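Let's see this in three dimensions:
(2 chains)
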Number of protein chains: 2
Amino acid sequence: MSNVENLIESVGELWNRYVKHEFVLKMRDGSLPLDIFRYYLVQDGKYIEDMLRALLIASSKGPIDKVTKVLNLVFSTRDKGLEIHSKLYSELSISRDEIVKTRYNLINYAYTRHLYYYANLDWNKFLVAWTPCMFGYSIIGDYVVESPHQLYKTWASFYASNEYKKRVEAILDALNEVNITEGLLSIFVDSVRFEIGFWEASLRKDPTVY
Amino acid sequence: MSNVENLIESVGELWNRYVKHEFVLKMRDGSLPLDIFRYYLVQDGKYIEDMLRALLIASSKGPIDKVTKVLNLVFSTRDKGLEIHSKLYSELSISRDEIVKTRYNLINYAYTRHLYYYANLDWNKFLVAWTPCMFGYSIIGDYVVESPHQLYKTWASFYASNEYKKRVEAILDALNEVNITEGLLSIFVDSVRFEIGFWEASLRKDPTVY
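Model prediction:
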């Protein structure tokens, strides 16, 4: 069994609460209200930038062969992600300025600071903290890409793409080099909880004060 | 006007929502339920350790004369703080092990990662993020030390002590060297919000899952 399979088995029920969250089911069946999706996209835009910055901090501390492989795949497939996101942003009139100026909701702030915290400590810790996002979205992408709703289908098409899968493969490959201790498992669990919290904060449209 | 006075004036109403929070008023009049105070003390025990670690990270990046003055006062007055906290811990049967093993509530996790985040960036940013806690508690200490409730009076006696005031003076003195930009003000505001959130999470006894 690969490390990611072991990790997912260890967190049990929590994993499905993330990848099959009400938010995800509603994207898939097309019933998610657009204002909620828009709120989510803005918060996610902030998250992505922090995640990339944290990745760069962590990368400076990792084994150079694995690190360069991951970075190469993240950056070489970034155009496709940007292209799809630009399309969504333009359909929903979201500007880069709005993403920068909107503040974080509490969950997003805590989650991104959590990524920075581990990135500043250690590559392996960051990698484990980062995996729920990267791997979870590939599963969610496959599931939501069947949506009858054009916007949610477009959103999912990136995470269901071969480009994204290659990125995830490199990450899971790097993760397989790590000896998963109890401490690392608990970092993984925290990130899964933050992902669940991220959907919930979006459904509630939590205040953005941080 | 000193920088801290300017900062407090800029945040307006928010400052009093922190230092005169319901939690504080209830310590002062003695009506705060003990189980809530106990919950708070455990979370605060976790916070203090992270705050000290973040201070050390930030200190490695600051002007050496100011940094050593602050560290000297923090560490030379730490015995008094530990003594008072040991007394409270023993009266409420709180062990070091319980503090370590209890997880963070979301606000406490976000707040401590926020301190680490700025500590990893820059001494001035950390200093501004740290000030609401250090200065606010000296005001709260003076206010709560009049409490008829022996436990809350004991708690406050540390923050109302000359030792603690000296510590705060060194911090405010270092803060006066900083040119307060809008970006720094926004870090200060976030920390004040986290302090308010900390009281509120304690009153509600938020789940400790992070």
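
Next to chain B, which bits of chain A? Give me the list.
Within chain A, the positions lying close to chain B (CB under 8 Å from any CB of the partner chain) are A:106-107, A:109-110, A:113-114, A:116-117, A:120, A:190, A:193, A:197, A:209-210. Where C-beta positions appear, they are placed from N, C-alpha and C, glycine not excepted.

any idea how far B:K125 is from the residue nearest to the spatial centre of chain A?
Geometric centre of chain A, nearest residue: A:C133, 3.2 Å, by CA atoms, centre = their mean. Note on A:C133: its distance to B:K125, by CB to CB, to the nearest Å, is 26 Å.

cool, and A:S2?
Relative to B:K125, and taking CB to CB, A:S2 is found at 40 Å.

just A:I140 next, same as before
Taken as CB to CB, the span from A:I140 to B:K125 is 35 Å.

neighbour-wise, which of these two wins?
A:I140 (24 against 19; other CB atoms under 10 Å in any protein chain shown).

give the contact list for that one.
Neighbour list for A:I140: A:V19, A:V24, A:A156, A:Y159 [criterion: CB atoms under 8 Å, 6 or more residues apart in numbering or on different chains].

Work out for me the element it sits within.
helix A:123-144 (DSSP states H and E).

Can you name the next helix or strand after that helix?
helix A:150-159.

just to revisit the earlier point, which ones are touching the residue nearest to the centre of chain A?
Contacts of A:C133 were listed using CB under 8 Å, 6+ apart, and they are A:M51, A:S191, A:E195.

Give me the subset of those residues lying in helices.
Within these, residues falling in helices by DSSP state H are A:M51, A:S191, A:E195.

Kindly reformat those as JSON lines containing pLDDT.
Output for the ones in helices among the contacts of A:C133, formatted as JSON lines (pLDDT from 0 to 100):
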{"residue": "A:M51", "pLDDT": "96"}
{"residue": "A:S191", "pLDDT": "98"}
{"residue": "A:E195", "pLDDT": "98"}
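
what comes up buried for stretch A:93-113?
A:I94, A:I99, A:Y104, A:N105, A:L106, A:I107, A:N108, A:Y109, A:A110, A:Y111, A:T112, A:R113 (16 or more other CB atoms under 10 Å in any protein chain shown).

These into JSON lines, with extra columns for distance to B:G81, pLDDT and secondary structure?
JSON lines is the format used below for the buried residues of stretch A:93-113 (distance: CB to CB, whole Å; pLDDT from 0 to 100; DSSP: H, G, I helix; E, B strand; the rest coil):
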{"residue": "A:I94", "distance to B:G81": "48", "pLDDT": "98", "secondary structure": "coil"}
{"residue": "A:I99", "distance to B:G81": "42", "pLDDT": "97", "secondary structure": "helix"}
{"residue": "A:Y104", "distance to B:G81": "32", "pLDDT": "98", "secondary structure": "coil"}
{"residue": "A:N105", "distance to B:G81": "34", "pLDDT": "98", "secondary structure": "coil"}
{"residue": "A:L106", "distance to B:G81": "29", "pLDDT": "98", "secondary structure": "helix"}
{"residue": "A:I107", "distance to B:G81": "32", "pLDDT": "98", "secondary structure": "helix"}
{"residue": "A:N108", "distance to B:G81": "34", "pLDDT": "98", "secondary structure": "helix"}
{"residue": "A:Y109", "distance to B:G81": "29", "pLDDT": "98", "secondary structure": "helix"}
{"residue": "A:A110", "distance to B:G81": "27", "pLDDT": "98", "secondary structure": "helix"}
{"residue": "A:Y111", "distance to B:G81": "32", "pLDDT": "98", "secondary structure": "helix"}
{"residue": "A:T112", "distance to B:G81": "31", "pLDDT": "98", "secondary structure": "helix"}
{"residue": "A:R113", "distance to B:G81": "26", "pLDDT": "98", "secondary structure": "helix"}
